[in-house]
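In: prediction below, plus the sequence it came from.
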Amino acid sequence: MKSMDEVLQIVGNETRRRMLTLLSEEPHYISQIAKKLDVTQPAILKHLSLLQKAGLIESFWRKSPLGAARKYFKICDSVGIEIAINPKDFAVTRHPRRMSCPKYLEMKGGIEQLTEEINRAGDLALKASKARNFRKLTETINHLLSGL
């Protein structure tokens, strides 16, 4: 995730805040967002890109009963941001959220173990080999989570 200053700048935009509000209700695809917010699709794409690069939203593909699969966007469930403003304090705090997906929790130990193995590996070739395994594991996890 980007720095808190960058995140605040990104969510400082009214259209992006409206998009986050919409995505907090349920995942949406681009033309749904554009129609509901009365904003052009190219503008929506630019906003979605910024939100995704900031680590606030993520995308996944879902089959459509009307034809081709559509790319949906949803709010990431891996971070919480709290802003406290009062006469004696101004603080922006990021709180990691606990993942509640059973598939993820089932694989979490393996992910942590593989990460530790990569970090401990001294030889560059060994690190690369373990990193390929890690990439396959994360692709599997992303595939499982996209079906939620």
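Out: The structure has been received and is ready for your questions.
In: need the helices for this structure, in chain order.
Out: In the chain, the helices defined using DSSP state H lie at 4-11, 14-25, 30-37, 41-53, 102-120, 124-146.
In: for the protein, what are the low-confidence residue spans?
Out: Confidence mapping of the chain against pLDDT under 70 gives the ranges 1-2, 78-79, 94-111, 114-115, 118, 127, 130-131, 133-148.
In: domain ranges for it?
Out: Structurally, the chain divides into domains by automatic domain parsing as follows: 4-96, 102-146.
In: next, format the ones you listed as a markdown table and append mean neighbour count.
Out: Using the backbone N, CA and C atoms, a C-beta is placed for each residue, glycine as well. Supplementary listing: those in a markdown table, determined by neighbours: other CB atoms under 10 Å:
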| stretch | mean neighbour count |
| --- | --- |
| domain 4-96 | 14 |
| domain 102-146 | 13 |
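In: what sits closest to residue 4 if chain neighbours are left out?
Out: Across the structure, with CB to CB, 6 or more residues apart in numbering as the measure, the residue nearest residue 4 apart from its sequence neighbours is residue 92 (4.7 Å).
In: the one you found and residue 5, how far apart?
Out: 8 Å (CB to CB, to the nearest Å).
In: ok, residue 50 - contacts?
Out: Under the criterion of CB atoms under 8 Å, 6 or more residues apart in numbering, the contact partners of residue 50 comprise 10, 16.
In: cutoff 6 Å now
Out: Under the criterion of CB atoms under 6 Å, 6 or more residues apart in numbering, the neighbours of residue 50 are residue 10.
In: repeat that for residue 124.
Out: Applying CB under 6 Å, 6+ apart, we find residue 124 in contact with no residue.
In: what's the distance between it and residue 113?
Out: 20 Å.
In: just residue 25 next, same as before
Out: Distance, residue 25 to residue 113, by CB to CB: 37 Å.
In: circling back: the residue nearest to residue 4 against residue 83, yeah?
Out: Yes - here residue 92 lies in contact with residue 83, judged by CB atoms under 6 Å, at a distance of 5.3 Å.
In: might one say that residue 10 is in contact with residue 54?
Out: Yes - in this structure, residue 10 sits in contact with residue 54. The criterion is CB under 6 Å, and the distance is 5.0 Å.
In: in the sheet, who's paired with residue 82?
Out: Taking DSSP bridges, one obtains residue 93 as the residues bridged to residue 82.
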